[in-house]
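A.B. asks: kindly generate the corresponding structure for this input.
(4 chains)
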There are 2 protein chains.
Amino acid sequence: MFSIGTLSNQTGVKVPTIRYYEQTGLLDAPERTEGNQRRYGKAELERLGFIRHARDLGFSIEAIAALIRLQNHPDRSCKEATDIAIAQLGYVRAKIERLQKLETELVRITDGCSGLGVTEDCYVLASLGNHGLCEADHDRETR
Amino acid sequence: MFSIGTLSNQTGVKVPTIRYYEQTGLLDAPERTEGNQRRYGKAELERLGFIRHARDLGFSIEAIAALIRLQNHPDRSCKEATDIAIAQLGYVRAKIERLQKLETELVRITDGCSGLGVTEDCYVLASLGNHGLCEADHDRETR
DNA sequence: TCTTGAACCTCTAGTGACTAGAGGAATTAT
DNA sequence: ATAATTCCTCTAGTCACTAGAGGTTCAAGA
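C.D. replies: Have a look, this model is predicted:
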């Protein structure tokens, strides 16, 4: 049994974040010492590792909660877990595509400007003010 | 002179968002009617178009505020505006790179799973639980 | 001119996933 | 025994909005 600080060191997840995960139900409330401090074991270490890895991959807390529910029902079809991962993949791909459009336009904007003039004639500012200068549409980056 | 709703229609920026921009200082407080309703002119329309375009490109409110300050001092060097845009480009590129790593791993994870079995043997869940299965490091996606 | 209904106003609170800080208690090391 | 560190809870802040309550003003038609 180890403290929240040790768990934090083992997993790289910050202490307040661990408490936040407990609060939101991603982690079960652990045992406590007589003095009310949290004490964790191997099971929590593994689950937090799972959560951390999924977060690193950009899964939402909500999606991770769903994955954990699936883990707790090992008889359920694997398809549901795969579906969540595939949805995440689609989300990541869509985001990449959007960002690549933004990259293209930012390159265009920054290339057009020597950086030597004064703001009055600045191509960056002109481009931002005049969407008509864009070559293509770019969707809003929803983060 | 036109209302906030008209401005919203012209720019595609939602009414509450326009008020939010005013509150945060991105937009100046406009004239009001006797009945306290906002009335806008061409200048505000243009500035909001500028803001919208910059937001679409992923610039932060803070960065946009800086760009607007530069616009208001046309004698300042264009370099500052270009620097902001270049920083944004770097940010976008870093994000793309991270997301591509995530994409690779998500493909690996989802390809490894037939979707036919039960969760107990699910490769998706196993992969998420065991970071050691990853081929490469992937940084946390900071959004 | 009056009425109706749409659009407007302010204010507060909620979103996601944390992070920061206050003020105090428990644990660990010396 | 004492000092340093870690832990506890609770509240509030972050970013860029979005939603809703409860009330007021405006514009168009009768």
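
A.B. asks: ok and the residue in chain A nearest DNA strand C?
C.D. replies: Of all residues in chain A, residue A:35 sits closest to DNA strand C, at 2.1 Å by CB to the nearest atom of the strand. From N, CA and C alone the C-beta is placed, and that goes for glycine too.

A.B. asks: please, which helix or strand holds that residue?
C.D. replies: Residue A:35 belongs to no helix or strand when assigned by DSSP states H and E.

A.B. asks: how near is residue A:4 to residue A:33?
C.D. replies: Distance, residue A:4 to residue A:33, using CB to CB, to the nearest Å: 11 Å.

A.B. asks: coming back round to it: quick one, phi/psi of the residue of chain A closest to DNA strand C?
C.D. replies: Backbone geometry at residue A:35, expressed as degrees, to the nearest 10, gives phi -80, psi 10.

A.B. asks: the one 5 residues further on too?
C.D. replies: In terms of degrees, to the nearest 10, the main-chain angles of residue A:40 are phi -110, psi 160.

A.B. asks: to what extent is it buried, counted in neighbours?
C.D. replies: Neighbour count for residue A:40, taken as other CB atoms under 10 Å in any protein chain shown: 21.

A.B. asks: near chain B at all, stretch A:80-92?
C.D. replies: Yes. Using CB under 8 Å from any CB of the partner chain, stretch A:80-92 reaches chain B at A:80-86, A:88-89, A:92.

A.B. asks: could I get the contacting residues of the residue of chain A found nearest DNA strand D?
C.D. replies: Residue nearest to DNA strand D within chain A (CB to the nearest atom of the strand): residue A:5, separated by 2.2 Å. Each residue near residue A:5 by CB atoms under 8 Å, 6 or more residues apart in numbering or on different chains is listed here: residue A:15.

A.B. asks: follow-up on the earlier one: tell me which of residue A:4 and residue A:33 has more neighbours.
C.D. replies: residue A:4 (19 against 10).

A.B. asks: for the closest residue to that one other than its chain neighbours, what are its contacts?
C.D. replies: Excluding its sequence neighbours, the residue lying closest to residue A:4 (CB to CB, 6 or more residues apart in numbering or on different chains) is residue A:38, at 4.8 Å. By CB under 8 Å, 6+ apart, the residues touching residue A:38 are A:3-4, A:30-32.

A.B. asks: the host helix or strand of residue A:99: which residues count as buried?
C.D. replies: Residue A:99 is part of helix A:78-111 when elements are defined by DSSP H and E. For helix A:78-111, a neighbour-count test (16 or more other CB atoms under 10 Å in any protein chain shown) marks A:78-82, A:84-86, A:88-89, A:91-93, A:95-96, A:98-99, A:101-103, A:105-106, A:109-110 as buried.

A.B. asks: rounded mean pLDDT for whichever helix or strand comes after that helix, please.
C.D. replies: Next helix or strand after helix A:78-111 toward the C-terminus (DSSP H and E): helix A:123-129. Mean pLDDT, helix A:123-129: 82.

A.B. asks: separation between the residue nearest the centre of chain A and residue A:24?
C.D. replies: When CA atoms, centre = their mean is applied to chain A, the residue found nearest the centroid is residue A:58 (3.6 Å). Residue A:58 is 17 Å from residue A:24, where distance means CB to CB.

A.B. asks: for the worst-scoring helix or strand of chain A on mean pLDDT, which outside residues touch it?
C.D. replies: When each helix and strand of chain A is scored by mean pLDDT, DSSP states H and E, helix A:123-129 comes last, with a mean of 82. Outside helix A:123-129, the residues that touch it by CB under 8 Å, 6+ apart are A:108-110, A:112-113, A:119, A:133-134, B:46, B:49-50, B:53-54, B:57, B:67, B:70-71, B:78, B:81-82, B:84-85.
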